[in-house]
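*Asks:* sequence plus the predicted model coming up.
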Amino acid sequence: MIQFSKICKRYPGGYEALKNVSFEITEGEMIFLTGHSGAGKSTLLKLVAAIERPNSGSIVVKGQNVSSIKGGALPYLRRNLGLIFQDHKILFDRSVFDNVMLPLQICGFDHRESAKRVRAALDKVGLLKHEKTSPIALSGGEQQLLCIARAIVNRPSILLADEPTGNLDVDYARDIMNIFNSFHQVGVTLLISSHDESILRQFKGRVLALKNGMLCP
Amino acid sequence: MKNLLVSHVHVLRLTLRRFLTTPLSSLLNILVFGIALSLPAGMYLLLKSVQSLAEQEVGTQQISIFLSMDASRNEVTQIGKQLKQHVGINEVKFVPRDQALEQLKQTTGLTDVIGGMEQNPLPDAYIIYPETSDAEALEALRDELQKWPNFEHVQLDSAWAYKLEAMLKFGLLAVLFLAVLLSVALVAVTFNTIRLQILTQREEIEVSKLIGATNAFIRRPFLYFGLLQGLMGGAVAWVLITVSLYLLNSSLSELTHLYTSNFALLLPSVGDSTTLLLLSAYLGWLGAWLSVAQHLWKIEPR
């Protein structure tokens, strides 16, 4: 499903975020990406979604070579991915409902069908009662849930989550991990990064540990 | 296909909402479009009105030849035959001096004055209709006839109309120049408006790109905005022109009545109106397109 071979990523200025990283994730796996802050977790996730490009090596996602993907094909790759960001990237100029609606509008879905899907996604994360409110009124944990609802409304086969439980209290973190676990059970491939290993121990999943840009054996 | 239509309708609604979120600046932009376009378009219509007047006059080409008073009757008929044989002349009409005097009496109503005259002051005249309607050829013909014996005066009746037409052509060129300059200004205005919009919607653009929006999807609302703004500006220009021409016509009718003429300024035709609307919509679209092409690629998610 996701294959990294000999990936090196150096940022302008010379900082080497990833050094010769190779791994493979098969369909339906739940992977935890761990490591200290600055170990290269975010960079690795950005490479999967082609937000950043590697300096060398190749990345294959769903049979498509992402490291050399053309600009025109990029949107269609990202529609297969659900992206969950640590900083949520929620739009505050529209309601909770409209935030989740955005990916479906982008894909050109029929309005009535999309409304059904949006409500289903909001129900899944427990935000249905807030559909008409502005995201500003939501707590940090709820905003993270909203971000998850937006990522899953498109029913992607791969979910990428960058520190989804960072800055959240234990209850919210457990809720979120439970939601991820339920996606894992229906066959979604998940790649979740976290610096907090204590929460990961409660769930079954392969761990990829990064240290100073290298994969620990 | 249906999805595409749905998404276009959605974008249209979104664009209209954007107009409403910044009503004052949208209104001002539309007014700028309207006023800037009404200037050259209105001047063009004025020139066209005058031009149609000139064309009416130029329509029938004729040269009047006034013979000298001392030409004998024999010479006069001889000249008539010669004129009829001339290659460049289509038709020859003879106006004897007595008939000319009679006409003068009837048209001017100066019967008493003319009746009091001892002799007819008018010469015999020929009115000829030349083959050509080309201004230069007509002038050449006039110069040629001027040299004939017994011709007192040869007059090209439509000479003034040609001069007017030449001036109008120059005027139209000036209007065209003005229109081009103002069009560039309008493109620049739209460019800037869209640039500001892109900057304020930076976040939305970034997120949209992250969740798989194509460039066309992101571009569409901005292009629609430019197009609609231009279209509405064109409509404002049309209203400005039509209303002011209507007002001008009503005061002009008093004036032309005094000169027993029925000259009126032309209102914009369907073709003119369509051209105006299409052009202004295109200018808005072009400004938006240039702005989007310039600024959108700089916004890449990090």
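*Replies:* Nice, I can see it.

*Asks:* for the spatially most central residue of chain A, give me the pLDDT.
*Replies:* By C-alpha atoms, centre = their mean, chain A has its centre lying nearest to A:Leu160, at 2.2 Å. With respect to pLDDT, A:Leu160 scores 94.

*Asks:* just confirm it is within a strand.
*Replies:* Yes - counting by DSSP: H, G, I helix; E, B strand; the rest coil, A:Leu160 falls inside a strand.

*Asks:* mind listing what it touches?
*Replies:* For A:Leu160, the contact set (C-beta atoms under 8 Å, 6 or more residues apart in numbering or on different chains) comprises A:Leu45, A:Val48, A:Ala49, A:Leu81, A:Gly82, A:Leu83, A:Ile84, A:Leu191. The way it works is simple: take the backbone N, C-alpha and C, and place the C-beta from them, glycine included.

*Asks:* in terms of pLDDT, where does residue 126 sit?
*Replies:* Using chain A here. Predicted confidence (pLDDT) for A:Gly126: 91.

*Asks:* right idea, wrong chain: chain B
*Replies:* pLDDT, B:Tyr126: 85.

*Asks:* and it, how close does it get to chain A?
*Replies:* The spacing between B:Tyr126 and chain A, counted by C-beta to the nearest C-beta, to the nearest Å, is 78 Å.

*Asks:* okay, now the sheet partners of the helix or strand encompassing that residue, with direction.
*Replies:* According to DSSP states H and E, B:Tyr126 maps onto strand B:125-130. Counting by DSSP bridges, the strands paired with strand B:125-130 are strand B:63-67 (antiparallel), strand B:89-95 (antiparallel).

*Asks:* only alpha carbons, please: show the next helix or strand along the chain from the shortest one as PDB.
*Replies:* By that I understand strand B:63-67. Next helix or strand after strand B:63-67 toward the C-terminus (DSSP H and E): helix B:73-85. Taking Å, rounded to 0.1, in the frame of the first residue of the first chain, the C-alpha atoms of helix B:73-85 are listed here in PDB:
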ATOM      1  CA  ARG B  73     -29.000  78.200 -76.400                       C
ATOM      2  CA  ASN B  74     -27.100  76.300 -79.100                       C
ATOM      3  CA  GLU B  75     -24.000  76.000 -77.000                       C
ATOM      4  CA  VAL B  76     -26.100  74.900 -74.000                       C
ATOM      5  CA  THR B  77     -27.600  71.900 -76.000                       C
ATOM      6  CA  GLN B  78     -24.200  71.100 -77.400                       C
ATOM      7  CA  ILE B  79     -22.800  70.900 -73.800                       C
ATOM      8  CA  GLY B  80     -25.700  68.600 -72.900                       C
ATOM      9  CA  LYS B  81     -24.800  66.200 -75.600                       C
ATOM     10  CA  GLN B  82     -21.100  66.300 -74.700                       C
ATOM     11  CA  LEU B  83     -21.900  65.600 -71.100                       C
ATOM     12  CA  LYS B  84     -24.100  62.600 -72.000                       C
ATOM     13  CA  GLN B  85     -21.200  61.100 -74.000                       C
END
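
*Asks:* and helix B:73-85, what's buried?
*Replies:* By neighbour count on 16 or more other C-beta atoms under 10 Å in any protein chain shown, the buried set for helix B:73-85 is B:Val76, B:Ile79, B:Leu83.

*Asks:* and for the least confident helix or strand in chain A by mean pLDDT, what are the contacting residues?
*Replies:* Lowest mean confidence among the helices and strands of chain A (mean pLDDT, DSSP states H and E): helix A:197-200, at a mean of 76. Applying C-beta under 8 Å, 6+ apart, the contact partners of helix A:197-200 are A:Phe32, A:Thr34, A:Thr165, A:Val170, A:Ala173, A:Arg174, A:Met177, A:Ser194, A:Val207.
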